[in-house]
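# Fold the following for me, if possible:
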Amino acid sequence: MKHTKLLLKIMQHLHRKKEIRTESYLLIGVLGLGGILLIGFSIYWAWSTYTNQSVSTLLPQEKTIVFLEVKDSTLPTKLHENKAIAALLNIENITGLFGKEEGNIPEWIKGDKGIALLKGGSKEAHSVFFFRSPGRKQALSSFKTIGLTEEPLQKDKETKQFIYSYPEGQNLFLSFIGPYLFVANNREDLMAIQETYKGTIPSLNDDKSYQKTFGNLPKNVWARGYINIAALQFKEGQPVNAILKPIQEFATQFSWTIRKHANGFHFNTFLGVNPEFLSLNHKSKTKNIFNYGLSEYLNADQLAFYLGGADLSAEWQNTLETISEMNPAYGIILEGMVRAKVEKIFGNGISLRNDIYPLLEGEYALSLSSRNDETIGVQVLLKHNDRDFVGIKLDKLRKGFGLLAAQFSPKVKVVILPDGTESRELVADPDRLIETKEEYEGYQINCTEVEESTYGFCYTVTDELMIIGNHIGNIKKTLDATKSSDFVLSGYQPFRETLSHLSKVKDEMAFIGFGQLIPLLQKMPFASLAIPYLESLDAVTWVKHYFDDGVSAEGFVLIK
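Sure, this is the predicted structure:
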């Protein structure tokens with residue numbers, strides 16, 4: 001009996017020991033598998049980080065002025081038929097670099113590529129091309145036929161990362177740095193990129209301002225670009241310097257990204273602004289939240305352009321103070337120019353501050369439309385809270401508008417000067433001024449128009465709106481929209497579709513209908529050059545936001 005109990009205890013002990021051993025093996029196996037997965041993930045993460053390394057980590061901070069990067073040369077399917085747009089990104093644009101026909105260009109060149117401008121001496125900028133290379137051997141084979149009589153590439157053995165060149169032929173230098181192949185006409189530019197890669201000099205990506213600029217933009221994009229506005233420089237005596245200087249005082253950097261969609265492009269931009277200018281930003285006195293409410297009163301038929309915002313008065317004051325911060329004289333000059341223009345149009349009896357500014361407080365909408373006679377219809381909608389007050393101001397403007405007719409319907413008037421001599425001056429021809437008052441949908445429309453021209457000043461006032469335009473027909477369409485929501489901008493399919501891709505509207509927004517814009521551009525010699533690029537586009541909407549460190553814009557371009 002004792003032996004039996006002892007035997008049972010031994011067997012139970014062995015069984016428990018076997019269970020412990022099995023559990024140990026299982027635990028070791030799990031730990032081993034976890035270790036393998038961890039090592040594999042680490043390798044994958046390291047490789048992915050290396051191959052997806054941004055070119056900004058390789059470009060030298062102090063030398064980089066501009067860079068542009070495109071992930072591939074393909075366009076949304078709908079745009080392939082537009083030859084003008086396709087040519088902008090077509091691979092044939094870089095065939096000159098390789099001296100080959102398009103069909104012989106290697107496939108890897110059609111992928112991720114770009115160009116950077118680096119500072120040179122004497123205020124010059126050097127171009128550097130970069131390509132994400134699949135392998136050194138494959139990439140080098142693409143350059144064998146560029147030199148004179150197929151001159152072979154020569155290695156520069158003075159550096160650890162070789163710089164390849166054609167010693168007797170092309171002034172071309174190549175170097176594999178990180179996952180990229182860099183191609184330049186200047187050897188020193190490639191050496192600077194090599195030093196950046198080794199960490200000897202800081203990269204563009206190390207710049208905190210650059211990080212802030214791109215920190216406000218999407219990461220996974222099709223194309224992106226960057227301009228260091230502060231580093232832009234041109235040779236002395238160039239007219240562009242007069243324009244560039246005030247811009248550099250105001251802004252520091254500009255960056256943008258583009259994401260491809262099946263039916264269009266989603267773009268984001270960010271403008272880095274010096275802090276002292278952003279601190280001037282005025283808030284709207286009305287404290288209204290901008291929800292583009294006036295788009296419900298704009299007829300979408302023939303609408304080419306719409307611009308809307310929460311408070312035009314606050315935006316204008318922001319502009320004046322921003323310009324004055326650069327130079328006090330700038331703000332005085334700008335407001336003086338506007339005042340002179342107001343007096344020229346409406347006469348000396350109109351005060352910019354007393355008659356114009358009070359009308360601009362509150363939400364506004366500016367629209368341009370293509371009329372049936374292919375002339376431009378201009379209309380401004382403004383919200384108000386005092387119908388009698390704005391009615392008096394608008395009628396004062398309408399009466400003063402007649403003075404503008406001297407420019408478009410002039411006649412010569414002979415006057416006798418105090419010394420008895422005759423003088424001739426241009427005055428308005430009253431026979432061509434048409435003044436009308438018409439009741440429509442319960443509202444009175446007051447107009448002063450110049451016969452046989454597109455110039456006019458028409459207005460009406462509802463309980464909520466001031467409606468101002470250059471033609472009575474536009475006023476009537478807007479009044480129709482106040483009664484019915486049929487075919488207004490807020491319900492227009494291209495407007496709604498482009499807007500659906502964007503984040504919440506906060507400060508300002510704009511819309512362009514390209515089908516209606518093209519007829520207007522056809523009469524403008526230089527603007528008409530853009531028509532071939534616009535024919536495949538349906539519409540674009542963009543919005544603007546103010547941040548503590550800059551101004552952001554977001555938009556969507558819809559393809560037909």
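
# Which pLDDT value belongs to the closest residue to K260 other than its chain neighbours?
Residue nearest to K260 in three dimensions, not counting chain neighbours: W222, with 4.5 Å by CB to CB, 6 or more residues apart in numbering. For the C-beta atoms, the positions are set from N, CA and C on the backbone; glycine is no exception. Confidence at W222, expressed as pLDDT, is 91.

# W222 contacts S73, doesn't it?
No: using CB atoms under 8 Å, W222 is not in contact with S73, being 10.6 Å away.

# tell me the phi and psi of the residue nearest to E69 when sequence neighbours are not counted?
Leaving aside its chain neighbours, E69 sits nearest to G114 (3.6 Å; criterion: CB to CB, 6+ apart). Phi and psi for G114, reported as degrees, to the nearest 10, are phi -180, psi -170.

# give the contact list for the closest residue to K235 other than its chain neighbours.
Nearest non-adjacent residue to K235, counting by CB to CB, 6+ apart: K123, 5.4 Å away. When contacts are counted by CB atoms under 8 Å, 6 or more residues apart in numbering, K123 touches Q233, F234, K235, E236.

# Doesn't the last one belong to a strand?
The reference is to E236. No: under DSSP: H, G, I helix; E, B strand; the rest coil, E236 sits outside any strand and is assigned coil.

# OK, contacts around the nearest residue to E435 once chain neighbours are set aside?
Nearest residue to E435, sequence neighbours excluded (CB to CB, 6+ apart): T448, at 5.2 Å. Contact analysis of T448 by CB under 8 Å, 6+ apart lists R398, K399, F401, G402, L433, I434, E435, G456, F457, C458.

# quick one: which of these is most hemmed in?
Tallying neighbours with other CB atoms under 10 Å puts C458 at the head of those, with 25 neighbours.

# tell me the contacts of that one?
Counting by CB under 8 Å, 6+ apart, C458 makes contact with 398, 445-449, 468-472, 474-475.

# Of these, keep whichever come out buried.
The neighbour count (16 or more other CB atoms under 10 Å) marks 398, 445-449, 468-472, 474-475 as buried among those.

# quick one: which of these is nearest to K383?
Checking the buried ones among the contacts of C458 against K383 by CB to CB gives I468 as the nearest, at 12.6 Å.

# tell me how far the ends of stretch 545-552 are from each other?
This stretch, stretch 545-552, spans 5 Å end to end (CA to CA, to the nearest Å).

# got the buried residues for it?
Within stretch 545-552, judged by 16+ other CB under 10 Å, the buried ones are H545, D549, G550, V551, S552.

# In TSV: those residues, plus pLDDT and secondary structure.
Output for those, formatted as TSV (pLDDT from 0 to 100; DSSP: H, G, I helix; E, B strand; the rest coil):
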residue	pLDDT	secondary structure
H545	82	strand
D549	76	coil
G550	81	strand
V551	84	strand
S552	88	strand
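
# Can you pick out the most distant pair from those?
Greatest spacing in these, by CB to CB: H545 and D549 (11.9 Å).

# okay, now the domains of the protein?
By the assignment in automatic domain parsing, the chain contains the domains 55-248, 274-559.

# Figure out the length between the terminal residues of the shortest one.
Terminal residues of domain 55-248 lie 25 Å apart, using CA to CA.

# List the ones among the buried ones among the contacts of C458 that fall in strands.
I445, N446, C447, T448, E449, I468, G469 (DSSP state E).

# so who does the first one touch?
The reference is to I445. Contact partners of I445, counting by CB under 8 Å, 6+ apart, are T436, K437, E438, E439, C458, Y459, T460, I472, I475, K476, L479.

# Before we move on, what's the pLDDT of it?
At I445, the predicted lDDT confidence score is 93.

# Distance of it relative to T196?
Taking CB to CB, to the nearest Å as the measure, I445 and T196 are separated by 66 Å.

# again, but for S490
50 Å.

# Most neighbours among the contacts of K123, which one?
Q233 (15 neighbours).

# mind checking which helix or strand that residue is in?
Using DSSP states H and E, Q233 falls within no helix or strand.

# Quick one: residues contacting it.
When contacts are counted by CB under 8 Å, 6+ apart, Q233 touches K119, K123.

# what about it, distance to Q248?
In this view, Q233 and Q248 are 9 Å apart by CB to CB.

# try I434
As for I434, its distance to Q248 is 49 Å (criterion: CB to CB).

# try K123
14 Å.

# same thing with R136?
To Q248, R136 is 41 Å away according to CB to CB.

# quick one: the strands in the stretch 51-200 of the chain?
With strands called from DSSP state E, counting those that start in this stretch, the stretch 51-200 of the chain shows them at 64-70, 113-119, 125-132, 154-156, 163-165, 173-177, 180-184.

# most tightly surrounded among those strands?
Mean neighbours per residue, mean count of other CB atoms under 10 Å, is largest over these for strand 180-184, with a mean of 23.

# same for that one, what does it pack against?
On a contact count with 3 or more CB pairs under 8 Å, 6 or more residues apart in numbering; DSSP states H and E, strand 180-184 meets strand 125-132, strand 173-177, helix 187-198.

# Please render those as CSV that adds mean pLDDT and distance to I243 to the earlier fields.
CSV is the format used below for the helices and strands packed on strand 180-184 (pLDDT from 0 to 100; distance: least, CB to CB, whole Å):
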stretch, mean pLDDT, distance to I243
strand 125-132, 88, 18
strand 173-177, 88, 34
helix 187-198, 92, 28
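
# Tabulate those (JSON lines), appending distance to D207.
Shown next, in JSON lines, are the helices and strands packed on strand 180-184 (distance: least, CB to CB, whole Å):
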{"stretch": "strand 125-132", "distance to D207": "18"}
{"stretch": "strand 173-177", "distance to D207": "19"}
{"stretch": "helix 187-198", "distance to D207": "12"}
